[in-house]
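Asks: Sequence and predicted model, in that order:
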Amino acid sequence: MTEGQDLMSASFRIVARLDAPSREYPRPQFGVLYAMAHGSAFPERGWTDFVEVLIRIWATTILGMLVASERKNRLIFLDGSYAIMVLRRGDGFRLVGMDTGPDTPTKTGWTADVGIVEMFHELHSASRTLLRDAKTRKYPARRTASFEALEMELRILHRLCKAAMVDIDNSRAFVEENARDTPVEVRRRKKTR
């Protein structure tokens, strides 16, 4: 990980909290979910939505972008008319807050640059918070198990991405080192018969 990546995402966070269990919505559970960047929240501080479902959808969307080499996708919110446009940028993403209301989607002015590993770190961190909240609020064992599975899946993805980025950084360093050691002009021999 480069110093620029650390600085790029230092102020990015996914804030997630789980509400008390509801008889009305036995699955999926409602809670607080929003993104923070440079002191600004999107869609807004305290935004409530179907937090468990959205953390899974967001992780799947980001992973899908990496696997399929997609350059652009959206992190949706199920409540309201908001989404986060995700644009692939090198080893990270540019996130752009969008109002996807009835007319043409418009940018809200909220943006964040975040590295791939940091994105999975934030998703994993959000899942840990949801699991802690489920245990603290005494969710039924079956529901808590769902949060445990989500946390485990995101922990594994975070570790895999972290290891992959180390491999990529090592490969880049190797290529750069070889480029310095290789003469600028390499002559080819003429083929003889």
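Replies: Structure received.

Asks: Find the centremost residue of the chain, please.
Replies: Residue closest to the average C-alpha location in the chain (CA atoms, centre = their mean): residue 119, at 3.2 Å.

Asks: What ranges does the chain have for its strands?
Replies: Counting by DSSP state E, the chain has these strands, from start to end: 13-18, 31-37, 40-42, 48-49, 72-76, 82-89, 92-99, 106-115.

Asks: To residue 140, which of those lies closest?
Replies: When the strands of the chain are compared for distance to residue 140 using CB to CB, the nearest one is strand 13-18, at 13.2 Å. Using the backbone N, CA and C atoms, a C-beta is placed for each residue, glycine as well.

Asks: Rebuild the strands of the chain as a markdown table, extending it with distance to residue 63, mean neighbour count and mean pLDDT.
Replies: Formatted as a markdown table, those follow (distance: least, CB to CB, whole Å; neighbours: other CB atoms under 10 Å; pLDDT from 0 to 100):
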| stretch | distance to residue 63 | mean neighbour count | mean pLDDT |
| --- | --- | --- | --- |
| strand 13-18 | 15 | 20 | 95 |
| strand 31-37 | 18 | 21 | 95 |
| strand 40-42 | 21 | 18 | 95 |
| strand 48-49 | 20 | 18 | 93 |
| strand 72-76 | 11 | 16 | 95 |
| strand 82-89 | 12 | 19 | 94 |
| strand 92-99 | 12 | 20 | 94 |
| strand 106-115 | 15 | 18 | 91 |
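
Asks: now these in TSV, with distance to residue 155?
Replies: Below are those laid out as TSV (distance: least, CB to CB, whole Å):
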stretch	distance to residue 155
strand 13-18	15
strand 31-37	19
strand 40-42	25
strand 48-49	23
strand 72-76	20
strand 82-89	22
strand 92-99	20
strand 106-115	18
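
Asks: so who does residue 14 touch?
Replies: Shown in contact with residue 14 (CB atoms under 8 Å, 6 or more residues apart in numbering): 33, 34, 35, 36, 55, 58, 122, 123, 125, 126.

Asks: residues near the nearest residue to residue 150 once chain neighbours are set aside, how many?
Replies: Leaving out its chain neighbours, the residue that sits closest to residue 150 by CB to CB, 6 or more residues apart in numbering is residue 127, at 4.9 Å. By other CB atoms under 10 Å, 27 other residues sit near residue 127.

Asks: Now do the contacts for residue 127.
Replies: Per CB under 8 Å, 6+ apart, neighbours of residue 127: 16, 55, 147, 150, 151, 153, 154, 155.
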